[in-house]
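In: coords please:
(one chain, ligands or ions: 2)
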Amino acid sequence: MSEANTVIPLREHPEPAHPEPRRFKVFTARQLDKITQLERLDEETRFAMRVVANVLPFRVNEYVIEDLIDWDKVPEDPIYQLTFPQKDMLAPEHFDKVAEAMRGGDKEEIDAAVADVREALNPHPAGQMEHNIPEVDGEKIDGIQHKYAETVLFFPSQGQVCHSYCTFCFRWAQFIGDNDLKIAAKEAGQLKRYVQAHPEITDILITGGDPLVMKTKNLRAHIEPLLELEQIRTIRIGSKALTFWPYRFVSDKDAEDLLDLFREVRAAGKHLALMAHYNHWREMEPAIAREAIRRVRETGAQIRAQGPLLAHINDNADDWARLWQTQVELGIVPYYMFVERDTGARHYFEVPLARAWEIYRDAMQQVSGLARTARGPSMSSHPGKVEIQGITEIHGEKVFVLRLIQGRNADWVQRPFFAKYNPDATWLNHLEPAFGEDRFFFDDELADMEG
Ligand SMILES: *Cc1c(COP(=O)(O)O)cnc(C)c1O
Ligand code: SF4
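Out: Ligands and ions are numbered 1, 2, ... in the order given. Purely as a prediction, here's the structure:
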């Protein structure tokens, strides 16, 4: 545990960035050799990177390489770990299999090895998509997920990429959409009809990939029809563009149009929440990133921050304290700390639940109440979002105290429950009920729901 009163270092606040347009230049696995910064790494490390980049997502843009990564701190640099593949992200047997095929040079063999390894990495975790596919007029709609009564998730097909990819994310396995306004309009129509058939829905969460990869005109085609609906109170947009491409809000051709769209949402009397994905305070340091935040806030939109706890990137309390404190100073509301699970490189990034809670608690102790709005550590699991509230001892038994902050059944929300302490557990399915019980309180009902 670190000192409770660790002083958060002051940072210089740079001049606001001039909105000079910047060309979006992106590198994928095939262009690894074109990234000059990698020349400082030895040949073996670069080969390992190519091996892993064949299996896990790799896409990184020039802004991230030049302005976010501190190359003097590589390989420990958190943004480097967030975006560049590392040898240990694959299990040794998986790594060797692909490496061997690559040394052999036979394209078919390489493809087969990559396909095998990917399959073993569970590209579609948690049955997320399979379980909650809704229907409109008897027709299944792929781009909608409706798990909690008041909020529907919407994945526009044009928003299934990101400005860079995070090494721990497997969502890239989703299809890549067609950039066509007609598709946007069709999906928007389905979403609107679905919402109208479900009066309990008040929130729409537009997510991806990253929906802000879309041109503003396509995003507008999704959002405008929703503004006519009285029942919709909040529109959320899940995005990492404030980190990976802040120019989206500042100097891109349709940046101003995007901010106007945000204003329109406000003018229609709805709350607009940009659910910003942040992993590290360094993402908020560049002047351009701060300018983007300022511009978004100026529209009346609220930025809320969420992100997973990850080994090699942010698994210490001081970084979380500074992340939350910086967010508060910039007018962003800390919202969730997640436990990461949906990942191909899980073993590389995972943090035991007991340790996750220690980090959370230790970070909370370093900040004032204004920065204590982040809930967590939270597991987005089958029954709902399960928060680790603490570790304690009750009548001689060491237990995790848990609660659901979201539930498949709203009646489960906020009920405390207990699991046997297990120092190695990294996910809910590793936990057993405490006090000799054989089921958690929601288990029977959950089983019924699944039929
Ligand atoms: C987290 C989540 C939501 C939103 O829940 P809030 O607690 O309102 O932020 C909605 N749907 C799914 C599937 C989620 O995982
Ligand atoms: S969906 Fe989010 S976590 Fe996944 S690569 Fe894109 S920005 Fe990163």
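In: Okay, now the unreliable bits of the stretch 151-300 of the chain?
Out: Applying pLDDT under 70 to the stretch 151-300 of the chain flags residues 170-185.
In: how close does the closest residue to D362 other than its chain neighbours sit to E358?
Out: Nearest non-adjacent residue to D362, counting by C-beta to C-beta, 6 or more residues apart in numbering: A317, 3.5 Å away. Using the backbone N, CA and C atoms, a C-beta is placed for each residue, glycine as well. Using C-beta to C-beta, to the nearest Å, A317 is found at 8 Å from E358.
In: and if you look at D137?
Out: 50 Å.
In: got it, and T426?
Out: For T426, the distance to E358 (C-beta to C-beta) stands at 14 Å.
In: Compare neighbour counts for these two and give me the winner.
Out: Using other C-beta atoms under 10 Å as the criterion, T426 and E358 rank with T426 on top: 21 against 16.
In: quick one: that one is in a helix?
Out: No: with DSSP: H, G, I helix; E, B strand; the rest coil as the criterion, T426 is located in coil rather than a helix.
In: So it is in contact with P352, correct?
Out: Yes: using C-beta atoms under 8 Å, T426 is in contact with P352, at 5.5 Å.
In: Which neighbours do those two have in common?
Out: When contacts are counted by C-beta atoms under 8 Å, 6 or more residues apart in numbering, the set common to T426 and P352 is empty.
In: Pretty sure Y360 sits against W320.
Out: Yes: assessed by C-beta under 8 Å, Y360 is found in contact with W320 at 7.2 Å.
In: With neighbour numbers in mind, choose between these two.
Out: Each of Y360 and W320 had its neighbours counted (other C-beta under 10 Å), and the higher figure belongs to W320 (27 against 24).
In: Can you classify the closest residue to the more buried one other than its chain neighbours as helix, strand or coil?
Out: Nearest non-adjacent residue to W320, counting by C-beta to C-beta, 6+ apart: A363, 3.7 Å away. Secondary structure for A363, judged by three-state DSSP, is helix.
In: what's around A363, how many residues?
Out: Using other C-beta under 10 Å, A363 has 28 other residues around it.
In: what sits against it?
Out: Taking C-beta under 8 Å, 6+ apart as the definition, contacts of A363 comprise A317, D318, W320, A321, W324.
In: what does Y80 give?
Out: Residues counted as contacts of Y80 (C-beta under 8 Å, 6+ apart) are I69, W71, K73, V74.
In: again, only using 6 Å
Out: I69, V74 (C-beta atoms under 6 Å, 6 or more residues apart in numbering).
In: can you tell me if the helix or strand where it lies touches ligand 2.
Out: Using DSSP states H and E, Y80 sits within helix 78-83. No: judged by C-beta under 6 Å from any ligand atom, helix 78-83 and ligand 2 are separated, with a smallest distance of 8.2 Å.
In: ok, then the element right after that helix?
Out: Helix 78-83 is succeeded, C-terminally, by helix 92-104 (DSSP H and E).
In: Can you pull the residues of this structure lying near ligand 1?
Out: By C-beta under 6 Å from any ligand atom, the residues of the chain that approach ligand 1 are Q145, K147, Y148, T151, L153, L205, S380, K385, Q406.
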